[in-house]
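A.B. asks: the sequence isn't on hand, but the structure is:
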Ligand code: NAD
């Protein structure tokens, strides 16, 4: 991959690095992105039609089972070299913030600590009516019910049409504005408000970098575009930033 020296110098000088990740960074761990053709049983369902409150009200069993399938995929998956490179970066730079749209928890499993989960985490559940969080649950009824109020349990993720956690979003916007460099990795830049973070950073004169094998509606706005898979580009980038060129 041809990585410009100018970018390496910016990254080496940066004291505050902020990265936004999307489903693409987990693709190499075998977790399909929403827009990748899905195979098997679930190919007939459109994620945008399953990931809403209305869908759950219409067919709670179907939505619960779709998430149970995704939860199982995630539990069987392992972080890939892209996740690991970001965790390493956090250890060597004074300030590093990872903002993720992913709900799979793979960044934390790779060792990242300063992570904002903008869209929640599918390994957690809460109840539909009151957001009571529930640490463990039995699947004798599908979906199971909340022990406190009796409403159905649902994944603790942000569905289409729901608000993002306000504190997390505020921290993410502030971090984007005050970064020395901002990276957008494996995201189609279609889902708002996460997609606007890169442009917000740019409006504060923060250089912005995109890592994605495909172009996105925002590609032309980026100062640097590294068009390749995150699991290959990030380890190479880290090797160049460390200065030893070694991909770990
Ligand atoms: P998206 O599915 O819209 O887009 C994925 C992007 O990743 C695409 O632009 C694609 O070109 C790119 N990509 C594919 N393989 C890649 C690779 N190896 N390296 C780098 N980039 C690669 O995903 P999104 O932008 O994150 O938005 C969709 C929503 O879907 C988010 O809200 C997210 O919460 C949810 N989602 C999460 C997961 C997960 O947690 N792993 C999986 C699917 C969807």
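C.D. replies: Right, received. Where do you want to start? It should be emphasised that the depicted structure is a prediction, and the values quoted were computed from it without experimental measurement. Numbers count the residues shown, from 1 in each chain.
A.B. asks: from the contact counts, what lies against the helix of greatest length in the chain?
C.D. replies: Determined from DSSP state H, the single longest helix within the chain is helix 60-76. If you count contacts as 3 or more C-beta pairs under 8 Å, 6 or more residues apart in numbering; DSSP states H and E, helix 60-76 packs onto helix 47-50, helix 53-58, strand 120-127, strand 153-157. All C-beta spots, glycine's among them, are computed from the backbone N, C-alpha and C.
A.B. asks: out of the ones you listed, flag the one nearest residue 200.
C.D. replies: strand 120-127 (21.5 Å; C-beta to C-beta).
A.B. asks: how far away from the center of its chain is the closest one?
C.D. replies: 15 Å (C-alpha atoms, centre = their mean, to the nearest Å).
A.B. asks: what's the answer for stretch 181-191, then?
C.D. replies: Distance, centroid of stretch 181-191 to centroid of chain: 9 Å (C-alpha atoms, centre = their mean).
A.B. asks: what about that stretch, near the ligand?
C.D. replies: Yes: under the criterion of C-beta under 6 Å from any ligand atom, the ligand is reached by stretch 181-191 at 186-188, 190-191.
A.B. asks: can you give me the strands in the chain?
C.D. replies: Along the chain, the segments classed as strands by DSSP state E run 16-21, 95-100, 115-117, 120-127, 133-134, 153-157, 181-185, 208-211, 224-226.
A.B. asks: make JSON lines out of those and add distance to residue 199, mean pLDDT and mean neighbour count.
C.D. replies: Listed next are the strands of the chain as JSON lines, based on distance: least, C-beta to C-beta, whole Å; pLDDT from 0 to 100; neighbours: other C-beta atoms under 10 Å:
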{"stretch": "strand 16-21", "distance to residue 199": "11", "mean pLDDT": "98", "mean neighbour count": "25"}
{"stretch": "strand 95-100", "distance to residue 199": "14", "mean pLDDT": "98", "mean neighbour count": "24"}
{"stretch": "strand 115-117", "distance to residue 199": "18", "mean pLDDT": "98", "mean neighbour count": "21"}
{"stretch": "strand 120-127", "distance to residue 199": "24", "mean pLDDT": "96", "mean neighbour count": "19"}
{"stretch": "strand 133-134", "distance to residue 199": "33", "mean pLDDT": "91", "mean neighbour count": "14"}
{"stretch": "strand 153-157", "distance to residue 199": "25", "mean pLDDT": "97", "mean neighbour count": "21"}
{"stretch": "strand 181-185", "distance to residue 199": "10", "mean pLDDT": "98", "mean neighbour count": "26"}
{"stretch": "strand 208-211", "distance to residue 199": "8", "mean pLDDT": "98", "mean neighbour count": "24"}
{"stretch": "strand 224-226", "distance to residue 199": "15", "mean pLDDT": "98", "mean neighbour count": "20"}
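A.B. asks: before we move on, back to that, need the helices and strands packed on helix 60-76 in TSV (columns: distance to the ligand).
C.D. replies: Listed next are the helices and strands packed on helix 60-76 as TSV, based on distance: least, C-beta to the nearest ligand atom, whole Å:
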stretch	distance to the ligand
helix 47-50	7
helix 53-58	15
strand 120-127	7
strand 153-157	7
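A.B. asks: and of those, who's closest to residue 110?
C.D. replies: Closest approach to residue 110 among the helices and strands packed on helix 60-76 (C-beta to C-beta): strand 120-127, 14.5 Å.
A.B. asks: the closest one - contacts with which helices or strands?
C.D. replies: Under the contact criterion of 3+ C-beta pairs under 8 Å, 6+ apart, strand 120-127 touches helix 60-76, strand 133-134, strand 153-157.
A.B. asks: could you list the paired strands of it along with their orientation?
C.D. replies: If you go by DSSP bridges, strand 120-127 pairs up with strand 133-134 (antiparallel), strand 153-157 (antiparallel).
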